[in-house]
Each structure stands twice: as structure tokens, then as C-alpha cells.
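Student: I would like the atomic coordinates for the input below:
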Amino acid sequence: MKYTILLVEDDAMITSGLIYALEQEGYVVTHCNSVADALRAVAAESFHIAILDMQLPDGTGIEVQDALRHSDTAVLFLTVVDDEGNIVRAFESGAADYVTKPFRLRELLARVRRARSATGGGNSSRLQLGGVAIDTSAGKAYLGDNLLDLTALEYRLLLTFAAHKGQLLTRAQILEHIWDSSGSFVEDNTLTVYVKRLREKLGDAVNIETVRGLGYRVD
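Tutor: Down below sits the predicted model:
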């Protein structure tokens with residue numbers, strides 16, 4: 001199966017190098033240099049990953065993300081905007097990652113591979129965690145027959161717990177899985193907030209145990 005990427009970027013120099021690198025990795029790339037072109041592309045076909053410039057000639061990448069909200073597309077923002085507030089809002093709105101310019105190409109490709117892995121990499125697979133079923137090929141989680149409305153970070157947090165059932169995970173280990181490795185913009189209490197939100201959405205279906213002073217364990 002060909003893995004498809006929507007690239008929305010108006011900088012010609014960045015675009016040419018990035019398209020070449022992605023195609024060398026085996027991806028099929030559709031390039032748009034404006035919000036209007038991107039919205040037409042989204043209406044015409046589906047994509048596994050979208051790499052969106054935040055600032056475009058006729059709008060912002062957020063508008064394209066909104067059009068993808070009800071799809072399984074993983075969104076990575078590529079932007080010069082490195083304000084902490086914007087970064088947190090992007091994640092809370094469902095972004096899988098946020099890469100600031102200038103960026104290292106190999107690092108961006110690694111982040112694309114991570115986003116692909118988080119959504120199942122195209123291979124059908126289901127995980128069970130308590131009363132929750134996780135379809136990693138679709139990037140969705142179900143409570144009974146009901147689809148859980150999870151943000152990208154909440155989904156990655158759920159995947160992390162599912163992959164380490166019964167194990168004690170320190171806060172640092174969890175942050176390593178759900179944020180970029182540097183974690184430079186993350187305060188430790190951010191994790192507490194996301195665990196609280198995930199608990200509220202899962203209810204009694206999954207027992208997320210707090211191990212005081214250490215981290216969390218899910219049986």
C-alpha cells in the first residue's frame with residue numbers, strides 16, 4: 001500500500017527538497033501552496049499524513065487541519081511560529097507533531113515515520129486495554145461500540161499505556177512517548193492534565209493507577 005502525504009507549503013526551496021526526500025522514502029506526495037488548493041485536495045482524496053505550514057498566503061494551516069478533523073489523517077505543523085501557546089493549542093486541537101523552521105530534514109523524516117507508526121503504519125492491528133479496543137490501523141479507540149473522541153495526544157497516551165500493560169511507567173518515560181524527545185516546551189503538570197482528561201473519557205473501562213511520586217500503571 002502506498003502511503004500518502006499532503007504537503008501544504010508555499011516556500012519553493014523547502015518544498016522541492018522535502019518532496020524529493022519524502023518520495024525517496026517511498027511516500028506519494030500531493031503538494032499544495034495555498035489553503036484553497038489544500039481544501040480542494042482534501043475534498044478529492046484522503047491522506048495518511050498532512051504536513052501543514054502554519055502561515056500561508058491565503059490563510060493558515062489550522063483551516064486545513066479543520067477540514068481534516070473527521071478523517072484519520074495525522075497532522076504535522078511545519079512553521080516558523082515557535083510560541084509556546086500556539087504549540088500547545090496545536091496539540092490540543094489534535095496535531096500529531098509540531099516542527100519549527102529551520103528544521104533538520106532527517107529529524108522531520110523521523111517525525112513523519114513516528115506519526116505513521118502511531119496510526120498503525122497501514123497494518124491492521126487491534127489492541128485491548130480493559131474495556132477499550134484500539135484499532136491502530138485506523139488510529140481510533142472504541143468503548144463498546146462507541147468511538148472515543150480523543151485528541152492526538154490522548155490517543156498516543158492511551159497507546160503508550162496499552163503497549164506497557166501492568167508496567168510502572170515513570171512520568172519521564174511517558175512524556176518521551178507522547179512528546180518530542182527534547183520536551184523543551186512541556187511542563188511536568190501537562191501530563192497530569194492529559195491523564196485526567198483521558199480518565200474522564202474512559203470512565204471505569206480502564207484503571208489508570210497513580211503511583212505516587214513515580215508515575216502510572218495500567219493493568
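Student: Against F77, how distant is the spatially most central residue of the chain?
Tutor: Central residue of the chain (Cα atoms, centre = their mean): A96, 1.7 Å from the mean position. Distance, A96 to F77, by Cβ to Cβ, to the nearest Å: 9 Å. For the C-beta atoms, the positions are set from N, CA and C on the backbone; glycine is no exception.
Student: Spit out the contact partners of the residue nearest to the centre of the chain.
Tutor: 49, 74-76, 115, 118, 152, 156 (Cβ atoms under 8 Å, 6 or more residues apart in numbering).
Student: Out of these, which comes closest to G26?
Tutor: I49 (12.8 Å; Cβ to Cβ).
Student: Any idea what the closest one is bridged to?
Tutor: Counting by DSSP bridges, I49 is bridged to I5, A74.
Student: check contacts around it.
Tutor: By Cβ under 8 Å, 6+ apart, I49 lies in contact with 3-6, 73-76, 96, 112, 115-116.
Student: quick one: which of these is nearest R199?
Tutor: Each of those was scored against R199 by Cβ to Cβ, and A96 proved nearest at 22.0 Å.
Student: so how far is the first residue of stretch 3-17 from its last?
Tutor: Chord length of stretch 3-17, first to last residue, is 19 Å (Cα to Cα, to the nearest Å).
Student: how about that stretch: buried residues?
Tutor: Buried residues in stretch 3-17, counted by 16 or more other Cβ atoms under 10 Å: 3-10, 14-15.
Student: Pipe these into JSON lines and attach pLDDT per row.
Tutor: Shown next, in JSON lines, are the buried residues of stretch 3-17 (pLDDT from 0 to 100):
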{"residue": "Y3", "pLDDT": "84"}
{"residue": "T4", "pLDDT": "90"}
{"residue": "I5", "pLDDT": "94"}
{"residue": "L6", "pLDDT": "96"}
{"residue": "L7", "pLDDT": "96"}
{"residue": "V8", "pLDDT": "96"}
{"residue": "E9", "pLDDT": "94"}
{"residue": "D10", "pLDDT": "92"}
{"residue": "I14", "pLDDT": "90"}
{"residue": "T15", "pLDDT": "92"}
